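Q: whatever this is, show me its structure:
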Amino acid sequence: MNALPKPLWVIVGLGLIALVIHLLAPILMPFLLAAVLAYMGDPLADRLEARGMGRTWAVVTVFATLSLGGVLILLVTLPLLIEQLQLLMERLYDGLRWVQSTGLPKLREYLDLPEQTQPMASAREAISEHWASAGGILFYLWNKVSGSSLALIAWLANMTLVPVVTFYLLRDWDVLMMAIRNLLPRSIEIRTVLIAKECDEILGAFARGQLLVMLALAVVYTVGLWIVGLDLALLLGLAAGLASIVPYLGVIVGIGAAGTAAFFQFDGLWPLAGVAAVFGFGQLLESMLLTPLLVGDKIGLHPVMVIFAILAGGQLFGFVGILLALPFAAVIKVMINHLHEYYKQSGFYGAVPASAEERELGD
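A: Numbers count the residues shown, from 1 in each chain. As a prediction, the model looks like this:
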């Protein structure tokens, strides 16, 4: 019986990995989140370890610092976000009222349409009358989504697993990487380690650098919208900053949402110009300072590749796929670069003198 060629073994292995990820997707989320957090915290632990601190104490220091910072940010921002969400509901109601009282009459007048026989007030009254039943429907849907109390307990248990798994992965990260390296076949170990280092450079630049860019943009957008006087500055600034993980999406989301909020809150066009100036300044700051300084030019992931990877990962594997999308995109990019280099050095690509007939056909 003939053995399978090496490329087929690689294809079979990748297929099995994809199948395992698909089957274990419901329980993989806490472990993947923990792996991402451990990967991002490992350089900090390595720096403390290089200064003479033991690995365990270095991990405890990093873990405690990051956890304390996260809790403090949550305690400060959560009440403000709840207040902003309540204000958002009020603004939506004001927008609905403006559409009914001003927007639709002007539109009917401009288009020379007949008067509306059933105004939007009737729709709002119908919603108000059936609010209790609508609440019952929402409660029913929530029960269906949550499944049962056991499902809720399982979800809480998964969230509890994240810090525990993060701590142990962070403590044994270098040991795990060395164990994986020792398992590699000796014939491909050097090339595989080289590819892994290139992937690490791209992932490190994106994961750590882009996170800092997102946070910086969230602060810039929030402060700028606050200076403009927008009531929803915190909520919209954070949303635009987080959306910046996809190139240009933060600006599109921010200008659309903040412009709409400013239109209903203020009278006149100057606040809209202020909103545009805030996001224009943020875009210039990102392209000219933040991205070159924090991310650099090592990432090499084209914006279209980033968008496609995130959408494809979400479509194929859901939230787990979104977490794995960019790492896989980085690995694929590095592999394509190496395949391109191998192709350029292969005899198939090599310059072979053409015959006279082939030169005539080429001309």
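Q: can we go C-alpha only for contacts and neighbour counts from here?
A: Fine.
Q: which residues of this structure fall in helices?
A: Here the chain has its helices, by DSSP state H, at 6-50, 55-98, 104-111, 120-129, 131-146, 149-171, 173-183, 189-204, 211-228, 233-243, 249-265, 270-285, 303-345, 356-362.
Q: just those: most buried one?
A: helix 233-243 (a mean of 22; mean count of other CA atoms under 10 Å).
Q: packing partners for it?
A: helix 55-98, helix 211-228, helix 249-265 (3 or more CA pairs under 8 Å, 6 or more residues apart in numbering; DSSP states H and E).
Q: could you redo those as CSV and give each row mean pLDDT and distance to Pro30?
A: Below are these laid out as CSV (pLDDT from 0 to 100; distance: least, CA to CA, whole Å):
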stretch, mean pLDDT, distance to Pro30
helix 55-98, 80, 16
helix 211-228, 89, 19
helix 249-265, 84, 27
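Q: of all those helices, which lies closest to Leu242?
A: Shortest distance between Leu242 and the helices and strands packed on helix 233-243, using CA to CA, is found for helix 211-228: 5.8 Å.
Q: what's stretch 229-239 in contact with?
A: 80-81, 84-85, 87-88, 218-223, 225-226, 250, 253-254, 257-258, 261-262, 265 (CA atoms under 8 Å, 6 or more residues apart in numbering).
Q: mind checking how far stretch 314-323 is from the chain centre?
A: Relative to the mean C-alpha coordinate of its chain, stretch 314-323 is positioned 11 Å out (CA atoms, centre = their mean, to the nearest Å).
Q: any idea of the mean pLDDT for it?
A: When pLDDT is averaged over stretch 314-323, the result is 72.
Q: same check, this time on stretch 192-210
A: Averaging pLDDT along stretch 192-210 gives 77.
Q: how far off centre is that stretch?
A: Distance, centroid of stretch 192-210 to centroid of chain: 17 Å (CA atoms, centre = their mean).
Q: repeat that for stretch 258-278.
A: Chain-centre distance of stretch 258-278: 27 Å, with CA atoms, centre = their mean.
Q: quote the end-to-end distance of that stretch.
A: 10 Å (CA to CA, to the nearest Å).
Q: run through who's touching that stretch.
A: Under CA under 8 Å, 6+ apart, the answer for stretch 258-278 is Arg91, Asp94, Gly95, Tyr221, Gly224, Leu225, Val228, Leu230, Leu232, Leu236, Ile255.
Q: the last one reaches Gly282, doesn't it?
A: No: under the contact definition of CA atoms under 8 Å, Ile255 does not touch Gly282, with a separation of 11.2 Å.
Q: overlap in contacts of these two?
A: Counting by CA under 8 Å, 6+ apart, nothing touches both Ile255 and Gly282.
Q: got any ranges where the stretch 251-363 of the chain has weak pLDDT?
A: 295-303, 319-320, 323, 350-363 (pLDDT under 70).
Q: Tyr349: neighbouring residues, count only.
A: 10 (other CA atoms under 10 Å).
Q: list the contacts for it?
A: Contacts of Tyr349 by CA under 8 Å, 6+ apart are Tyr343.
Q: need the pLDDT of the spatially most central residue of the chain.
A: Most central in the chain under CA atoms, centre = their mean is Ile245, positioned 5.1 Å from the mean C-alpha point. Predicted confidence (pLDDT) for Ile245: 74.
Q: coming back round to it: in JSON lines: the helices of the chain, plus distance to Leu293.
A: Formatted as JSON lines, these follow (distance: least, CA to CA, whole Å):
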{"stretch": "helix 6-50", "distance to Leu293": "18"}
{"stretch": "helix 55-98", "distance to Leu293": "23"}
{"stretch": "helix 104-111", "distance to Leu293": "49"}
{"stretch": "helix 120-129", "distance to Leu293": "51"}
{"stretch": "helix 131-146", "distance to Leu293": "43"}
{"stretch": "helix 149-171", "distance to Leu293": "27"}
{"stretch": "helix 173-183", "distance to Leu293": "27"}
{"stretch": "helix 189-204", "distance to Leu293": "14"}
{"stretch": "helix 211-228", "distance to Leu293": "9"}
{"stretch": "helix 233-243", "distance to Leu293": "17"}
{"stretch": "helix 249-265", "distance to Leu293": "19"}
{"stretch": "helix 270-285", "distance to Leu293": "11"}
{"stretch": "helix 303-345", "distance to Leu293": "18"}
{"stretch": "helix 356-362", "distance to Leu293": "48"}
